[in-house]
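1. this one's sequence-less:
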């Protein structure tokens, strides 16, 4: 479900009631744990956390008008998803998978950068908070640029 909302408040307000609370809790976890410098916005129809143009003027190589993406959350039709570029790039994947069993008895439902939560009560907020603290905007920029050169 791609949202046409242009603000985070509008995105959350448009959600079905059963998704609104868990999405607000997930957002609060992210905001409480992301290092300073990331900015919250709507990007690609999701609540996103980006490296703003003020810190990285070149923007995202696929569309330089867009700020550099880092993390997004979305309420899909059958699940809530969290997209984390540090997982996609492999930076934190091993740490995340090793940490997962301490926070959930379920196997993680994952794609390359996407973690899907089909049951909102299964969202491991503490682990997501720890994941958010792992990379600063400067570290993400360095890794992003190194990946582009490769």
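-> Now that the structure is in, tell me what you want to look at. Predicted model only: the values in this text are computed from it and were never measured.
2. Residues touching the helix-or-strand element of the chain with minimal mean pLDDT, excluding its own?
-> Every helix and strand in the chain was compared by mean pLDDT, DSSP states H and E; the lowest is helix 85-88, with a mean of 90. Helix 85-88 has contacts (CB atoms under 8 Å, 6 or more residues apart in numbering) with 69-71, 92-93, 96, 110, 112-113, 115, 131, 134-135, 140, 143-144. (Each C-beta comes from the backbone N, C-alpha and C, glycine too.)
3. Grab the longest helix from the protein for me.
-> The longest helix of the chain (DSSP state H) is helix 17-33.
4. Sort out which residues of the following helix or strand past it are buried, please.
-> Going down the chain from helix 17-33, the next helix or strand is strand 39-43, by DSSP states H and E. Neighbour counts over strand 39-43 (16 or more other CB atoms under 10 Å) mark 39, 41-43 as buried.
5. same check, this time on stretch 133-149
-> For stretch 133-149, by 16+ other CB under 10 Å, it's 134-135, 137, 140-141, 143-144.
6. Is it correct that residue 50 falls within a helix?
-> No - Residue 50: not assigned to a helix; according to DSSP: H, G, I helix; E, B strand; the rest coil it is strand.
7. how about low-confidence regions in the protein?
-> 1 (pLDDT under 70).
8. Strands of that one, residue ranges please.
-> 39-43, 46-51, 68-75, 80-84, 109-110, 114-117 (DSSP state E).
9. For residue 11, give its distance to residue 83.
-> 15 Å (CB to CB, to the nearest Å).
10. What of residue 56?
-> Counting by CB to CB, the gap from residue 56 to residue 83 is 18 Å.
11. got the contact list for residue 42?
-> Applying CB under 8 Å, 6+ apart, we find residue 42 in contact with 3, 5-8, 11, 48.
12. Weed out the non-buried ones from the residues you listed.
-> Buried, going by 16+ other CB under 10 Å: 3, 5, 11, 48, out of these.
13. Looking at these, which is nearest residue 78?
-> If you rank those by distance to residue 78 using CB to CB, residue 3 comes first, at 15.8 Å.
14. Now for that closest one: which residues touch it?
-> 11, 14, 42, 45-46, 74.
15. Likewise for residue 38?
-> Residues in contact with residue 38 (CB under 8 Å, 6+ apart) are 49-51, 70-71, 137.
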